[in-house]
Structure formats: C-alpha cells, structure tokens
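>>> quick check, what structure comes out for this input:
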Amino acid sequence: MESNMANPAKVLARVQTVENHGEGVYSVTFAVPSRYTRYLPGQFLHMTLEEFDPTAGFWPESRVFSIASAPRQDFVAIVYSVKGRYTRLMEQELAVGREVWLKLPYGDFIVDEGLLADGPVVLIAGGTGVSPYLPFLMKHRESGNVHLFYGLRKPNHLLFRDEFSTLKGQPWFRPHFFLEEGRLEDWPSTPGRLSIPAIAEAMGKEFPTGQYFLSGPPAMIRTFQDDLLGQGIPNNQIHIDEWE
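Model prediction:
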C-alpha cells in the first residue's frame with residue numbers, strides 16, 4: 001500500500017459543476033488546488049455548508065462523502081443522494097460559484113493496486129456506493145483483473161457512464177451490471193438484484209482469491225459481508241467502506 005498519504009487539510013473550494021441525475025441524486029465538482037488532492041483511491045472528505053474561520057479552529061457541522069475523482073487534479077468530485085435535512089440543504093444551496101469548506105482526505109478504505117498480486121480486485125457497489133471506486137478505476141493501467149459489480153434499480157441510475165465508457169477497451173476491466181428494472185442499452189446487464197451467490201457464479205474459479213470491496217447502504221454491506229464469510233472468503237479479503 002502507498003505510504004505517502006497526505007495529512008488532512010482544510011481548504012476553501014468553489015463549486016465548479018452540479019449535475020442532476022434525477023430522483024434526488026447529484027454529482028458535484030469543486031475547484032481545489034492540486035496540492036490538496038493527493039488522496040488515495042477510496043478515501044473520503046468532509047464538507048460543510050456553514051461559515052468556517054480557519055483561525056478559530058472550530059470545525060462546523062459537516063457531512064462525509066466518498067471522493068469520486070482521480071487524485072492529483074485541480075478539482076475534486078462527490079456524489080450524494082437527497083435523504084435528510086443536510087442533503088436537502090445541499091440540493092438548495094450548492095450552485096456553480098458557491099464557496100464551501102472541505103476537509104480532506106480521510107479513511108483507510110483504500111483500493112490498492114498491490115492487492116492484484118494475490119488475485120482479482122472485486123469492487124461491489126450499490127447505488128451511489130460506486131463513487132469511491134472511480135479514483136482507482138481512472139488511474140489503474142496495470143495488469144490483473146478488476147471486476148466491478150454494480151447493482152442498480154433502473155437504467156437511468158447508472159452513474160459515471162462516460163467514465164466507464166473510456167474503460168471499455170481496457171483488458172483488465174470486467175464490469176457486471178445488475179438491474180432490478182429494465183436493461184442497459186450500451187452495456188451487457190443481468191436482470192435482478194445483485195447478490196453474493198450471483199457474484200460467485202460470475203467469478204467462477206477466481207472467486208476464492210478475490211479481494212472484495214463493499215460500498216453502499218449499510219444493510220447491503222452487512223449482508224454481503226456475512227454472505228462472503230459464509231462462502232468461505234476470509235475476513236482479510238473483505239474490505240468495508242466505513243466512515244469514521
């Protein structure tokens with residue numbers, strides 16, 4: 001694993017783009033100097049809508065979001081779903097040009113290329129849980145199979161369609177999309193809900209050696225972790241997106 005993880009820093013960022021994906025799901029990019037984006041794939045940030053005085057040191061109310069953009073760029077991206085008071089405020093207040101304070105990076109849910117030496121990396125996502133995988137997918141150019149299992153309710157819920165399209169020609173990228181309703185026009189997809197038995201069937205002989213990353217709703221993560229353990233996958237091959 002990389003050892004040059006940046007120490008968390010507080011930075012005033014400006015909203016660069018806001019994209020409405022429908023049904024309360026938004027992606028937002030913030031302009032940030034590249035010296036603040038030395039995070040590792042899978043890490044997260046804190047964002048606050050409140051005023052912050054860096055000389056006082058008191059950090060106001062904030063929320064955490066997985067970083068959904070490749071590191072070492074002059075912007076950082078997040079995806080969020082409107083589910084409570086704070087995210088409703090975000091929907092109302094985050095507009096192009098708005099300045100907000102970010103605190104980053106945090107977390108040890110790190111998708112490390114070194115894991116590929118022992119077997120495939122298996123990225124499992126539900127809904128917006130696909131976000132922390134984007135930094136790894138967009139920077140990875142080495143050998144070794146990387147499987148993405150992405151569970152969706154409807155075709156229009158597919159996030160990062162353009163980014164996935166740029167990876168189509170990569171021999172290491174193995175996407176598996178599961179749809180509860182409808183089908184994708186530009187990607188092969190499997191009807192039904194994503195599950196560990198379905199993943200085991202798709203992985204075949206690779207299943208026992210995979211390094212499994214789980215990101216999505218807490219109930220999904222708990223169920224999938226139990227199911228992986230029940231299928232004989234040891235705990236040290238299971239990595240969970242837990243924000244602290």
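>>> state the mean pLDDT of stretch 234-244.
If you average the pLDDT over stretch 234-244, you get 85.
>>> got it, and stretch 193-200?
97.
>>> just the buried residues of stretch 169-178, please?
Residues of stretch 169-178 classed as buried: Trp172, Phe173, Arg174, Pro175, His176, Phe177, Phe178 (neighbour count, 16 or more other Cβ atoms under 10 Å). For the C-beta atoms, the positions are set from N, CA and C on the backbone; glycine is no exception.
>>> now stretch 145-153
Using 16+ other Cβ under 10 Å as the test for burial, stretch 145-153 gives Asn145, Val146, His147, Leu148, Phe149, Tyr150, Gly151, Leu152.
>>> cool, and stretch 80-97?
Buried residues in stretch 80-97 (16+ other Cβ under 10 Å): Tyr80, Tyr86, Thr87, Met90, Leu94.
>>> closest to Tyr36 among those?
Set against Tyr36, the nearest of those by Cβ to Cβ is Leu94 (18.8 Å).
>>> so Val15: helix, strand or coil?
Secondary structure state of Val15, per DSSP: H, G, I helix; E, B strand; the rest coil, is strand.
>>> quickly list what it is bridged to.
Here Val15 sits in beta bridges with Phe30, as judged by DSSP bridges.
>>> do I have it right that it meets Met90?
No - in terms of Cβ atoms under 8 Å, Val15 does not count as a neighbour of Met90; the distance is 10.4 Å.
>>> quick one, helices of this protein?
For the chain, the helices defined by DSSP state H cover 85-93, 134-139, 161-166, 196-203, 218-230.
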